[in-house]
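Asker: Sequence and predicted structure, then a few things I'm wondering about:
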Amino acid sequence: MDYKQTALDILKAVGGRENLVSAAHCATRLRLVIADNAKCDKKAVENVDGVKGVFEASGQLQIIIGTGTVNKVYDEFVAAAGIEAATTAEVKQAAASKAPWYKQAIKTLGDVFVPIIPAIVASGLLMGLLEGFANVFPGLTENGTYTIIHLFSNAAFTFLPILIGTSAAKVFGGNQYLGAVIGMIMIHPDLVNAWNVATAAEIPTAEAWFGLYSIDLVGYQGHVIPVIIAVWVMCFIEKRLHKIVPEMIDLFVTPLVSVVVTGYLTLTVIGPVFGQVENWVLDAVQALIGLPFGLGSALCGAIYAPTVVAGVHHMYNALEAGMLSATGFDTWMPIASAANVAQGAAALAFALRTRDAKLKNMAFPASLSAFLGITEPAIFGVNMRFFKPFVAGILGGAAGALVAGWLHVSSTAYGITGVFGILITTHNLPQYLLSIAVAFAVAFLVTMLIYRDDKKETANHG
């Protein structure tokens with residue numbers, strides 16, 4: 001393989017140096033941000049020697065080259081383009097700046113929730129495993145060790161506002177520890193625990209804004225959006241104060257004012273307003289998923305892949321975190337799993353159907369990636385390009401989600417889908433396996449039935 005020629009061919013196909021904003025690479029892909037998509041010839045990129053696939057995701061043109069090769073092509077590409085090497089984080093930032101405001105907002109949600117996934121997964125796995133063992137050995141719940149470990153299992157959900165506050169402050173450019181303090185304020189022990197409101201003998205109140213109205217002194221356990229809004233306000237105030245407060249007193253004045261003002265706004269305005277909005281959203285989604293015979297779940301399973309194409313699927317992180325924090329179970333994860341597995345099955349069927357060796361070599365690993373929860377290579381590299389597999393994947397996702405909704409499948413964490421989803425669905429594992437099996441079967445069979453190689457398309461990729 002001529003790495004320099006490959007780099008030159010890619011550069012020419014994407015519109016040359018003047019159409020290039022930024023470039024980086026990961027383990028397998030060249031990640032480019034281009035100025036004008038209309039000037040990029042994706043077909044030409046796909047036909048470059050060494051390129052195994054091309055797809056667009058999160059505002060980036062991602063060119064699959066392969067481990068051990070992509071870095072060599074990247075070095076030649078940067079030299080040919082006459083640009084400085086960039087990190088993947090810098091490329092993501094450049095891509096995000098080009099996106100519409102609503103996509104930037106949704107990406108921000110993802111940036112807040114993705115870093116705390118390990119904590120959610122750890123707690124969710126413990127919760128699921130403990131419940132699974134307790135179902136098999138009922139007497140286990142009386143064991144002291146079980147009691148101690150059970151305490152661990154819900155720690156991340158109990159103190160979720162603190163995790164969110166810390167992560168959000170980092171995303172918004174503020175002090176992470178002040179963000180944590182805002183999260184602490186929202187679940188302070190002096191407030192009535194939100195999960196105990198129904199059984200509380202009396203809910204204390206306090207006058208707000210000089211007696212204009214009263215607020216209930218209730219915590220925000222189970223809420224995520226009010227925390228994010230509150231921390232955004234705190235960071236806004238903090239950054240402005242850093243600019244105007246003299247340096248010699250900045251250390252004292254800025255944190256004090258930021259916390260006091262934000263804390264008061266949070267308990268009197270932000271919390272009550274956005275807490276209610278979040279309740280309405282969660283209730284609406286739960287009502288949709290809970291429609292009789294799994295019909296609502298089927299609809300959600302059908303639209304999941306198109307939202308990935310639109311780049312707005314990061315919003316589901318906030319939805320799932322809200323579900324877990326409020327109820328302890330996530331009914332969206334099985335729907336997402338069905339949709340992801342279905343797209344993988346469609347890509348697998350395409351790989352078996354096509355006679356093009358290059359397309360086969362791209363579709364097989366893309367399908368495996370989808371089964372493990374990463375669908376972009378399958379969706380953008382295969383299914384959307386040939387469309388019929390994408391439609392089959394949508395049908396498979398709807399069918400699998402229908403079963404998941406009908407059988408009330410749920411998980412105890414988010415951030416894991418597909419095959420690895422079995423780790424967080426131990427409490428209803430047979431139902432989960434059935435839902436993804438149905439998703440696989442429908443998408444695979446429909447693709448095998450409706451897809452046929454187009455001679456011209458095959459020739460273009462041969």
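Answerer: Received it, and whenever you're ready, just let me know what you need.
Asker: Please make it C-alpha for all contacts and neighbour counts, starting now.
Answerer: Fine.
Asker: Spell out the residue ranges of the strands in the protein.
Answerer: 20-25, 29-34, 53-57, 60-64, 205-208, 213-216 (DSSP state E).
Asker: Confirm for me that residue 426 is in contact with residue 130.
Answerer: No. Here residue 426 does not reach residue 130: they are 9.1 Å apart, not a contact under Cα atoms under 8 Å.
Asker: do you know how far residue 420 is from residue 360?
Answerer: 25 Å (Cα to Cα, to the nearest Å).
Asker: Could you do residue 415 as well?
Answerer: Computed as Cα to Cα, the residue 415 to residue 360 distance reads 29 Å.
Asker: Which residues are in contact with residue 122?
Answerer: Going by Cα atoms under 8 Å, 6 or more residues apart in numbering, residue 122 touches residue 153.
Asker: can you tell which of the strands of the chain is closest to residue 305?
Answerer: strand 53-57 (12.6 Å; Cα to Cα).
Asker: Tell me which strands the closest one pairs with, and in which orientation.
Answerer: strand 60-64 (antiparallel) (DSSP bridges).
Asker: tilt between the partner strand and strand 20-25?
Answerer: With axes from the mean of the first three to the mean of the last three Cα atoms, to 10 degrees as the basis, strand 60-64 and strand 20-25 are set at 40 degrees to each other.
Asker: re earlier: got JSON lines for the strands of the chain, with mean pLDDT too?
Answerer: Converted to JSON lines, those look like this (pLDDT from 0 to 100):
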{"stretch": "strand 20-25", "mean pLDDT": "87"}
{"stretch": "strand 29-34", "mean pLDDT": "87"}
{"stretch": "strand 53-57", "mean pLDDT": "77"}
{"stretch": "strand 60-64", "mean pLDDT": "85"}
{"stretch": "strand 205-208", "mean pLDDT": "89"}
{"stretch": "strand 213-216", "mean pLDDT": "89"}
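Asker: Take the ones you listed and write them to a markdown table, including distance to residue 318 and mean neighbour count.
Answerer: Formatted as a markdown table, the strands of the chain follow (distance: least, Cα to Cα, whole Å; neighbours: other Cα atoms under 10 Å):
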| stretch | distance to residue 318 | mean neighbour count |
| --- | --- | --- |
| strand 20-25 | 28 | 22 |
| strand 29-34 | 27 | 25 |
| strand 53-57 | 20 | 22 |
| strand 60-64 | 23 | 23 |
| strand 205-208 | 29 | 12 |
| strand 213-216 | 25 | 13 |
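Asker: Distance of residue 244 relative to residue 250?
Answerer: From residue 244 to residue 250 the distance is 9 Å (Cα to Cα).
Asker: which of those two has more neighbours?
Answerer: Set side by side, residue 244 and residue 250 show more neighbours around residue 250, with 15 against 10, by other Cα atoms under 10 Å.
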